[in-house]
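> Turn this into a model:
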Amino acid sequence: MVVTLSEFAQLLIATVDLLLQILENIATLLIHASTNNTLATQNANLNFSNVWGVAYGALVANYWISQILIETLNATKYNIDALKNFSLAINYLGSNATVVFGDINANSGISYIQKGVYQRLVTNQTELNSLALSLSKTFKAQVELLIKLTEAINKTFT
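Next up is the predicted model:
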């Protein structure tokens, strides 16, 4: 199957647009779950202190994942086979930089796709407007979520 750069760009733009909408909906869902009157009367509404608890849990998990990565990278320094693979990978990527990343004129590599996305957006006002709306709505929802989270700081951390 042959796909044109414009078709690929269209799909990539649509995917980014959907991901922005997902982020917006998650933020809005959290706010609605905290302010819904029916849930509040049932004492089942979202408590933002618990959202901070989820953030804490994610930080704890990330800390230990980082520790694992540090130990693995440290071990790589002393494992000749691992160090060789690391060096070869960087050398291979560097010697193929134009193939992977492209050139300044975006004739190949990732820059070719980026140029295609740019061209698709500047020639398709509907897609550009949709993406801009999704981005702004996501930003607005994230700000509203940030306000709700910060309102719960003193209750959570005292």
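> List phi and psi for Asn79.
phi -100, psi 110 (degrees, to the nearest 10).
> That one: neighbour count?
The tally of other residues near Asn79 (other Cβ atoms under 10 Å) stands at 13. For every residue, glycine as well, the C-beta is placed using N, CA and C.
> Would you map the helices across this protein?
5-35, 37-41, 48-78, 80-95, 97-101, 109-123, 125-151, 153-156 (DSSP state H).
> Run a quick neighbour tally on Ser49.
13.
> For it, give its distance to Val99.
Going from Ser49 to Val99 by Cβ to Cβ, to the nearest Å gives 51 Å.
> rewinding a little: tabulate the helices of the chain (JSON lines), appending mean pLDDT.
Listed next are these as JSON lines, based on pLDDT from 0 to 100:
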{"stretch": "helix 5-35", "mean pLDDT": "97"}
{"stretch": "helix 37-41", "mean pLDDT": "95"}
{"stretch": "helix 48-78", "mean pLDDT": "97"}
{"stretch": "helix 80-95", "mean pLDDT": "98"}
{"stretch": "helix 97-101", "mean pLDDT": "97"}
{"stretch": "helix 109-123", "mean pLDDT": "97"}
{"stretch": "helix 125-151", "mean pLDDT": "97"}
{"stretch": "helix 153-156", "mean pLDDT": "95"}
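> what sits against Leu145?
By Cβ atoms under 8 Å, 6 or more residues apart in numbering, the contact list for Leu145 reads Ala27, Leu30, Ile31.
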